[in-house]
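**Q** Based on what follows, work out the 3D shape:
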Amino acid sequence: MKIRTVDAFTTTPFHGNPAAVLLLETATSFPPDAWLHHVAAEMNLSETAFAHPLPSTGTGPGAGPAPHPRWALRWFTPTTEVNLCGHATLATAHVLRTTGLVTGPVAFSTRSGTLTATPAADGAHTLDFPTAPLLPTDITGTTGTAETSGSLARALGVEPLTVLYTGDQIGDLLVEVRSEKEVRDLAPDLRALSALSRRGVIATAPAEDPARGYDFVSRCFFPAVGIDEDPVTGSAHTALAPFWSARLGRTELTGLQGGRRTGLVRTSLHGDRTHLTGHAVTVVEGELLAAP
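**A** Reported below is the predicted structural model:
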């Protein structure tokens, strides 16, 4: 089986967010979960995506052909399966297109419902994802612990301006801080952060100079699911898009995410759906010998 490493939300190798992609081209179902977990742990990237084709017909009585090719898609960190992942979805769409298996839009059946990826002439893909809720929180209730905003400030090393919960499907705290410099300089206590939310913390601030080509910055820390820092997180932008669209008064924005590795995510808000647009580049193609 071919397995690939794809850098997502970038056009430059060794930038953006790497994801492993394994297409099970002849499968009609996924291999055992234990095997999927073993492969993801072996790849040791923030996400490994597994996909197999689905029947080309729609569902329901008298249903005709589906409007787009359909693939089942699942995502695994080195330690757990997740509900939603943007960069590995982009990476999967990129592999399907560059290998010629799909030439137009593709629909993915996932834990978060049907997600579509639509290619553009320049090689980018636009992902159609559910918009995350932005819920008030006192940082109790997300984990059942009596954490306070003071403990979050100590864990991050900066004082939060705003703290919102992104809902159980994503499970992050979205934390606004004062400046782009504060985001760039973060060196959080990851063990302390892991106790504060179901998945992790999204730290964000407005761009210091929007003339540089982005409107806001972010970094994402997910130690609770085995990822100390995720370089460029598509799912986080389903919360960042409505947050910054409300602040900046525009529905189309560009976010820069990352510390050592960075990438750009173009966002477009459409009510309960958020469109995420980015490029990807394949950097490794190999053969997986350990069959299920």
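**Q** OK, contacts around the closest residue in space to Val39 that isn't next to it in sequence?
**A** Closest residue to Val39 in three dimensions, ignoring its sequence neighbours and counting by Cβ to Cβ, 6 or more residues apart in numbering: Thr48, at 6.2 Å. Where C-beta positions appear, they are placed from N, C-alpha and C, glycine not excepted. Neighbouring residues of Thr48 by Cβ atoms under 8 Å, 6 or more residues apart in numbering: Ala19, Ala20, Val21, Leu22, Leu36, Val39, Ala40, Trp75, Phe76, Ala88.
**Q** Tell me how many other residues crowd the first one.
**A** Other residues within reach of Ala19, judged by other Cβ atoms under 10 Å, total 28.
**Q** my guess is it contacts Val6, does it?
**A** Yes. Between Ala19 and Val6 there is a contact at 5.6 Å, judged by Cβ atoms under 8 Å.
**Q** what do the two both touch?
**A** Common neighbours of Ala19 and Val6 (criterion: Cβ under 8 Å, 6+ apart): Ala91.
**Q** Find the least confident helix or strand in this protein, judged by mean pLDDT.
**A** Taking all helices and strands of the chain together, the one with the lowest average confidence (mean pLDDT, DSSP states H and E) is helix 149-156, at a mean of 84.
**Q** Quick one: list the elements packing against it.
**A** Contacts defined by 3 or more Cβ pairs under 8 Å, 6 or more residues apart in numbering; DSSP states H and E place helix 149-156 against strand 172-176, helix 190-193, strand 200-206.
**Q** Can you name the residues in contact with the next helix or strand after it?
**A** Downstream of helix 149-156, the first helix or strand assigned by DSSP states H and E is strand 162-165. For strand 162-165, the external contacting residues (Cβ under 8 Å, 6+ apart) are 133-137, 139, 142, 149, 152, 172-176, 197, 239, 243.
**Q** same question, stretch 236-249
**A** Residues lying outside stretch 236-249 but in contact with it, judged by Cβ under 8 Å, 6+ apart, are 84, 86, 129-132, 134, 164, 166, 170, 172, 174, 176, 202, 204, 206, 215-216, 218, 220, 230, 251, 253, 255, 257, 265, 267-269, 274, 276.
**Q** Among those, name the ones in strands.
**A** The subset of those located in strands under the criterion DSSP state E comprises 129-130, 164, 172, 174, 176, 202, 204, 206, 216, 218, 220, 230, 253, 255, 257, 265, 267-269, 274, 276.
**Q** out of these, which are buried?
**A** Buried subset of these (neighbour count, 16 or more other Cβ atoms under 10 Å): 129-130, 164, 172, 174, 176, 202, 204, 206, 216, 218, 220, 230, 253, 255, 257, 265, 267-269, 274, 276.
**Q** For Gly286, grab the count of nearby residues.
**A** Using other Cβ under 10 Å, the number of residues around Gly286 comes to 11.
**Q** I should have written Glu285 there, sorry.
**A** Taking other Cβ under 10 Å as the neighbour definition, Glu285 ends up with a count of 13.
**Q** Bridge partners for it, pull those for me.
**A** Arg4 (DSSP bridges).
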